[in-house]
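Asker: requesting a structural model of the entry that follows:
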Amino acid sequence: NKGKEFVLAFGYGYLGKNDVKLFVSSTENVSVSIESPNPRFTTQIIAKNAGTQEVILDSSTAHTSIGISKKSIIIRSSSEISVHGLRFSVHHSADAFTALPIESLSSTYVISLYNSTKPVYISIVSVYDGTSVSITLNNIDKIVYDNRNYYNGDTIRVHLEKFQSFVLRHSSDLSGTIVKSNKPISVYSGGDIDFPIARYEVDSILSQLLPVEHWDTKFIVPLLYPHSDVLIRIFAFNPNTSVTIRNETHDKTHYLARESFVEEHLGNGLVVVNSSQPVGVIQYAFSEDRDSSIFGDSIMMVVPGINQFSSEYLFPTKIDQIEMKHYVAVIIKNKSLSGLRLDGNLVVAKTFPVHFNEEDYVVAVQELKGYFHNLTHIDRTIKFGALVYGFGYKSGYGFPAGFELRDIVNCVTTQIPSATTEFISK
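Answerer: Alright, predicted model coming up:
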């Protein structure tokens with residue numbers, strides 16, 4: 001997720017003054033420019049060596065209407081940086097995402113969201129002129145855009161010029177909707193969600209989605225301690241994709257049809273996922289109103305696959321208007337755990353062991369103090385995954401600390417005959 005140029009957007013949510021922020025991190029002193037066409041502004045910052053620079057944006061930078069606009073943020077730097085977006089409000093709502101540089105973007109995405117009594121949205125940002133985008137709808141009865149009715153399976157087509165953005169908003173869970181384009185785009189999903197079982201509190205969620213070509217086949221999904229439940233959705237793009245999900249008490253294989261997904265709610269610890277073809281895995285956390293023993297609110301975040309692990313992460317936990325506890329869950333081989341360093345110090349963490357693909361892994365959960373963090377290993381060839389999250393009173397956020405993106409397998413883009421196995425249909 002490190003790069004020299006980023007094109008971002010912030011979607012709908014609980015908004016107030018100065019509640020939209022960027023955090024720019026670097027391993028060297030770097031000159032960075034940040035600009036937006038609407039509202040028009042340009043600013044220059046210096047991201048310092050092994051540090052993180054906070055940039056507060058005007059709340060009008062975020063989307064407030066559906067359709068096409070120029071609500072985009074363009075970031076350019078002289079050397080590689082990593083960028084995280086953060087939004088919070090005094091209404092006990094927070095969300096955050098890990099930004100992907102332009103070089104990691106692509107043209108095919110599958111939307112992940114969740115059921116809610118509040119509207120959810122899809123946000124798309126173009127990188128180049130002449131970008132044609134198609135949005136094939138899933139999981140809806142009807143949506144109205146540009147005075148026209150669209151139904152489940154219909155395709156909305158829009159044309160975007162450079163740095164234009166498009167927002168589609170609806171009251172239904174749009175999960176499984178397919179977004180395609182003729183040129184690279186960045187895609188976000190989110191909304192004000194009262195999921196999965198909550199009925200009284202609403203929290204804002206926001207994720208930048210991985211392109212299908214960067215999906216993986218092997219995942220270790222950590223529990224978000226102190227929560228014990230694990231709720232995931234697994235998205236398939238290829239037909240005939242087998243997905244095996246295991247934890248201490250659960251061992252089940254699903255056979256997914258093309259462009260479909262499956263949901264699993266598992267308690268009592270972390271989960272491992274193996275698939276025959278690349279899939280996308282999204283993790284959710286419950287709202288505290290589901291159960292009085294649960295502290296914190298809704299979370300939705302992309303889970304990195306094992307092939308996407310990196311050797312270093314720079315990330316923020318600066319949500320200073322909400323009292324929260326912040327954590328990082330590190331996924332690493334057990335034999336390498338002792339070499340982890342957080343902000344230069346040994347990691348003293350609560351650990352959860354798991355045996356996966358004939359290797360002994362461990363999920364190490366460390367509570368975080370301070371605002372900005374550097375997670376490394378004394379052996380720079382060792383790669384590990386990291387998810388960052390936090391819980392406060394009626395509030396929660398979560399995001400992957402970063403990715404090392406590569407194409408695992410080229411995803412099939414044409415339909416092939418189905419096998420005789422029973423599939424989960426769209």
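Asker: in the stretch 251-400 of the chain, where is pLDDT below threshold?
Answerer: 268, 287-297, 320-322 (pLDDT under 70).
Asker: recalculate using a threshold of 80.
Answerer: For the stretch 251-400 of the chain, applying pLDDT under 80 flags the ranges 267-269, 286-298, 319-323, 392-395.
Asker: quick one, helices of it?
Answerer: Counting by DSSP state H, counting those that start in this stretch, the stretch 251-400 of the chain has no helices to list.
Asker: do you know how far residue 335 is from residue 374?
Answerer: When distance is defined by Cβ to Cβ, to the nearest Å, residue 335 is 23 Å away from residue 374. C-beta coordinates here come from the backbone N, C-alpha and C atoms, glycine included.
Asker: higher neighbour count, these two?
Answerer: Higher neighbour count among residue 335 and residue 374: residue 374, with 17 against 12, using other Cβ atoms under 10 Å.
Asker: I figured the more buried one hits residue 316, correct?
Answerer: No. If you go by Cβ atoms under 8 Å, residue 374 and residue 316 don't touch, sitting 11.0 Å apart.
Asker: OK, contacts around residue 99?
Answerer: 1, 6, 8, 75, 82-85, 208 (Cβ atoms under 8 Å, 6 or more residues apart in numbering).
Asker: those into CSV, with extra columns for neighbour count?
Answerer: Output for the contacts of residue 99, formatted as CSV (neighbours: other Cβ atoms under 10 Å):
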residue, neighbour count
1, 25
6, 29
8, 24
75, 24
82, 26
83, 27
84, 26
85, 23
208, 27
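Asker: which of the residues you listed fall within helices?
Answerer: Secondary structure from DSSP state H places none of these in helices.
Asker: now do the helices in the stretch 101-250 of the chain.
Answerer: Listed in chain order (using DSSP H, counting those that start in this stretch), the stretch 101-250 of the chain turns out to have no helices.
Asker: could you list the low-confidence segments of it?
Answerer: Filtered on pLDDT under 80, the stretch 101-250 of the chain yields the residue ranges 115-119, 191-205, 227-229.
Asker: can you give me the strands for it?
Answerer: Per DSSP state E, counting those that start in this stretch, the stretch 101-250 of the chain has strands spanning 106-110, 120-126, 131-136, 142-145, 148-151, 155-160, 165-170, 178-193, 203-208, 216-221, 230-236, 241-246. These are given in chain order.
Asker: using JSON lines, please lay out the ones you listed together with distance to residue 46.
Answerer: Shown next, in JSON lines, are the strands of the stretch 101-250 of the chain (distance: least, Cβ to Cβ, whole Å):
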{"stretch": "strand 106-110", "distance to residue 46": "31"}
{"stretch": "strand 120-126", "distance to residue 46": "26"}
{"stretch": "strand 131-136", "distance to residue 46": "32"}
{"stretch": "strand 142-145", "distance to residue 46": "42"}
{"stretch": "strand 148-151", "distance to residue 46": "47"}
{"stretch": "strand 155-160", "distance to residue 46": "32"}
{"stretch": "strand 165-170", "distance to residue 46": "28"}
{"stretch": "strand 178-193", "distance to residue 46": "25"}
{"stretch": "strand 203-208", "distance to residue 46": "25"}
{"stretch": "strand 216-221", "distance to residue 46": "35"}
{"stretch": "strand 230-236", "distance to residue 46": "39"}
{"stretch": "strand 241-246", "distance to residue 46": "45"}
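Asker: run through the bridge partners of residue 151.
Answerer: residue 142 (DSSP bridges).
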